[in-house]
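In: pasting the sequence and the predicted coordinates here, then a few questions.
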Amino acid sequence: MDSSSPNILARLRELFPDARVTTLRKMVADGRVELNGVRVRSVNLPAPAGDQVTVRDPSDRNRVSGKEIIFADAHILIFDKPIGLITSTTRDERRPTAIAQLERQIDRAQPGGRIYLVHRLDRDASGLLIFARDVRTLANLKMQFRRHTITRRYQAWVHGHPPKSGELTDTLAEDTLGRVGRSPSGKPARLQYRLIRTLGPYSLLEVELYTGRKHQIRVQLALRGWPVLGDRLYGKADGQKRLLLHAVELMIHHPADGRRTAFRSPPPHDFQPVRRPPTGRDLSR
């Protein structure tokens, strides 16, 4: 084992930078910490950066893991949201939300610790979300979103065969039923896409967002006749088990020092069409 590898205590301090060392040691002593699925008993156990550190809550219903929280420091937290989890709604929301789960985990490690919502990801989509850990960072990130200096890239499997690349612009508005569509009184929506590969009647796209409207990617692609696979709201019944939309990359200027910082999340194992046609062409080369 490389003697320069961080130990369990160092990895926990990365996940909970404001927590006391005694709190982190107690997590280990209470048997709540696992390394690659195996419970650990020593804070000095080596834990290389590629290994998964998991902190279970006392009831074992929620967890903070190296898979879901891919980065955390005193300013930001990067969360890899699973499908089916709402980002945030209201304080009265009874369903599980990403921000509520993270708030509970942070409060256990640092009583009174806060986390702030910066942007959202559709419930049925998966991938990267950034949260602020103080109000100054929140203001900085909101400014970056307004100035469009944050890069957000997604992958989406769609019906049809779009051209190899393109830019889509629309004005979008939400109706009283919560659906989004074109409207002369709507807000500008802009994205660019690149075709990665085709698979029979389906295509895999890389999409870069320049604006952040509700359901924007799903709506703009569906308006061109390329609905995202598994989209029951703007698409069609296609037998998919999930919405095939994943936030794969997030690039920011770190609020602490302005350095350009990138975070990536490869698409999960279930991010593929359920009914695969027999032939396909790979256009990524």
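Out: Here it is on my side, so go on.
In: tell me the contacts of Asn44?
Out: With contact taken as Cβ atoms under 8 Å, 6 or more residues apart in numbering, Asn44 is in contact with 7-9. The C-beta positions use only the backbone N, C-alpha and C, and glycine is treated the same way.
In: quick one, domains of the protein?
Out: 8-141, 150-282 (automatic domain parsing).
In: want to throw those into TSV with mean pLDDT?
Out: Listed next are these as TSV, based on pLDDT from 0 to 100:
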stretch	mean pLDDT
domain 8-141	82
domain 150-282	93
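In: thinking again about what came up before, just the ones of the contacts of Asn44 in helices?
Out: Using DSSP state H, the subset of these located in helices is 8-9.
In: can you redo the contacts of Asn44 as a markdown table with distance to Leu229 and neighbour count?
Out: Output for the contacts of Asn44, formatted as a markdown table (distance: Cβ to Cβ, whole Å; neighbours: other Cβ atoms under 10 Å):
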| residue | distance to Leu229 | neighbour count |
| --- | --- | --- |
| Asn7 | 43 | 16 |
| Ile8 | 40 | 24 |
| Leu9 | 44 | 18 |
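In: between the contacts of Asn44, which is closest to Gly166?
Out: Using Cβ to Cβ, Ile8 comes nearest to Gly166 of these, at 47.9 Å.
In: from Glu208, how far off is the closest one?
Out: Per Cβ to Cβ, to the nearest Å, Ile8 is found 38 Å from Glu208.
In: try Gly113
Out: For Gly113 relative to Glu208 (Cβ to Cβ), the value is 33 Å.
In: neighbour-wise, which of those two wins?
Out: Neighbour totals were compared for Gly113 and Glu208, and Gly113 leads with 18 against 15 (other Cβ atoms under 10 Å).
In: name the element that one belongs to?
Out: In this structure, Gly113 sits in neither a helix nor a strand according to DSSP states H and E.
In: give me the number of residues near the residue lying closest to it once chain neighbours are set aside?
Out: Closest residue to Gly113 apart from its sequence neighbours, by Cβ to Cβ, 6 or more residues apart in numbering: Ile106 at 4.3 Å. By other Cβ under 10 Å, the residues close to Ile106 number 23.
In: how about Leu12?
Out: 25.
In: torsion angles phi and psi at it?
Out: phi -70, psi -40 (degrees, to the nearest 10).
In: contact partners for it?
Out: Contacts for Leu12 (Cβ under 8 Å, 6+ apart) come out as 19, 24, 27-28, 33, 43, 53, 55.
In: which SS state does Glu14 fall under?
Out: Assigned by DSSP: H, G, I helix; E, B strand; the rest coil, the conformation of Glu14 is helix.
In: how about the strands of the stretch 51-200 of the chain, start to end?
Out: Under the criterion DSSP state E, counting those that start in this stretch, the stretch 51-200 of the chain contains strands at 53-56, 63-65, 69-72, 76-81, 116-117, 126-132, 151-159, 165-174, 180-182, 187-199.
In: mind checking which of the ones you listed is nearest Asp257?
Out: Closest of these to Asp257 is strand 76-81, at 12.1 Å (criterion: Cβ to Cβ).
In: quick one: list the elements packing against that closest one.
Out: Applying 3 or more Cβ pairs under 8 Å, 6 or more residues apart in numbering; DSSP states H and E, one finds that strand 76-81 makes contact with strand 69-72, helix 98-109, strand 126-132, strand 245-253.
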